[in-house]
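Colleague: Next comes the sequence, and after it the predicted model I'd like to discuss.
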Amino acid sequence: MNSSLSSKIRIGAGLVTWSSFRDRVTTYRQATEIFEALRQAAKIPGVRGVDVSRNYMPENIKEFKAVLQDLNLEVASVGAGLSSGPNMVHGSFSANNVEIRKIAIDRVKESMDIAKELGSDKVLLWFGQDGYDYHFEVDYKTKWNYLVEGIRDCAQYRDDVRLCIEYKAREPKIHQFVNSASTALVLIQDVNEKNVGVLFDVGHALLADETLAESAVMLAQHNKLWHIHLNDNYKHADSDLVPGTVHSMAFLELFFWLKRLDYEGYVTFDTVAHSHDPYEVTAESVQFTKLLIASADRINNTEMDLVFSTDNAMKGLSIARAALFNH
């Protein structure tokens, strides 16, 4: 119990960092060829695996798997890609059009099969287009029920793959239905299938004005903290910056609690390179993450138990400062 976090946690790269990126102003970069992206990720010290996306992988899965094995990379998870494509702009699982809902559900089931073939047991579900922009736009009850029914259908398709729901408050939809840690837990409760949990995206938690450690503890209390995306932002947009560059103290507390929770899964980087080099963004993300994990490992649990029992915030900050800055 509570052995060093650095000995348990696994660090992975997100291939999305090498994918194309554009906004309403310009296109910043074209996607790196997928096998070249894998080769670059494999060269980064500390990277054990990769998050892959159904929308950014070759058609030949067997070849993809062979290259991964040659590079000694695990597949941490497979993203189902529910928020991309013109047919999903009015929702995926919550779309009014039954044919669109079927396309989305089939996409997830296909992703579940791909995950197992690649040696992973996790598929990531982000419902970025499932939400609304205006008052009087949607039937909240019907849309929620569509989400529940679709997730349950996928969960029952094969119980050897875990579905990890990624919540986010906004963007692209101004209001997303699955918008917070607590809402994700309510959704999981309604689905009521054992292989449905949460992907905790740190940047999305910040965007929802959540305290990172508190949300992680709440998810873990329900045994639903199954995967973690690391990135950072200034809380006004989902900027997907190098983790810890903005909210270092919040990250330190998160890693301290991951240690107390005996978290043993992957933390992977959901970062955007924009005009920067994706290899360098990922390499720097690894360094920040390792530094913060090492700092969290220096915090003494017994000392913090005393802090918590006395609500002594200044003592807690003193311990955290010494761990992070060695002073």
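Modeller: Sure thing, it's come through.

Colleague: wait, L187 sits on R152?
Modeller: No: distance between L187 and R152: 10.5 Å, which falls outside the contact criterion (C-beta atoms under 8 Å). The C-beta positions use only the backbone N, C-alpha and C, and glycine is treated the same way.

Colleague: who's more crowded, those two?
Modeller: For the pair L187 and R152, the greater number of neighbours falls to L187 (20 against 16), based on other C-beta atoms under 10 Å.

Colleague: For the more buried one, which three-state class applies?
Modeller: Under DSSP: H, G, I helix; E, B strand; the rest coil, L187 falls in the helix class.

Colleague: Tell me if I'm right that K65 and I114 touch.
Modeller: No: under the criterion of C-beta under 8 Å, K65 makes no contact with I114, lying 9.7 Å away.

Colleague: Those two: which is more packed in?
Modeller: In this view K65 and I114 are compared by other C-beta under 10 Å, and I114 has more residues nearby, 21 against 15.

Colleague: And for the more buried one, nearest residue in space, chain neighbours not counted?
Modeller: Counting by C-beta to C-beta, 6 or more residues apart in numbering, I114 lies nearest to V78, which is 5.5 Å off, once chain neighbours are set aside.

Colleague: The one you found - that's part of a strand, no?
Modeller: Yes: according to three-state DSSP, the state of V78 is that of a strand.

Colleague: Work out for me the element E110 sits within.
Modeller: helix 98-117 (DSSP states H and E).

Colleague: Name the nearest residue to V272, sequence neighbours excluded.
Modeller: Once its chain neighbours are removed from consideration, V272 has its nearest residue in D240; the separation is 4.0 Å (C-beta to C-beta, 6+ apart).

Colleague: what's the answer for Q40, then?
Modeller: By the measure of C-beta to C-beta, 6+ apart, the closest residue to Q40 outside its immediate chain neighbours is Y279, 4.7 Å from it.

Colleague: if I pick the one you found, what's in contact with it?
Modeller: Contacts were defined as C-beta atoms under 8 Å, 6 or more residues apart in numbering; by that measure Y279 touches 40, 43-44.

Colleague: Drop anything exposed from those residues.
Modeller: Under a neighbour-count criterion of 16 or more other C-beta atoms under 10 Å, the subset of those counted as buried comprises 40, 44.

Colleague: out of the contacts of Y279, which are inside helices?
Modeller: The subset of those located in helices under the criterion DSSP state H comprises Q40.

Colleague: Any chance of the contacts of Y279 in a markdown table with distance to L258 and pLDDT as columns?
Modeller: Conversion of the contacts of Y279 to a markdown table gives the following (distance: C-beta to C-beta, whole Å; pLDDT from 0 to 100):
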| residue | distance to L258 | pLDDT |
| --- | --- | --- |
| Q40 | 27 | 99 |
| K43 | 27 | 99 |
| I44 | 21 | 99 |
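
Colleague: wait, which of the contacts of Y279 is closest to Y234?
Modeller: Set against Y234, the nearest of the contacts of Y279 by C-beta to C-beta is I44 (25.7 Å).

Colleague: Quick check: the closest one touching E284?
Modeller: No: proximity of I44 to E284 does not meet the contact threshold set by C-beta under 8 Å, at 9.8 Å.

Colleague: coming back round to it: quick check, the residue nearest to Q40 in a helix?
Modeller: Yes: the secondary structure assignment for Y279 places it in a helix, going by three-state DSSP.
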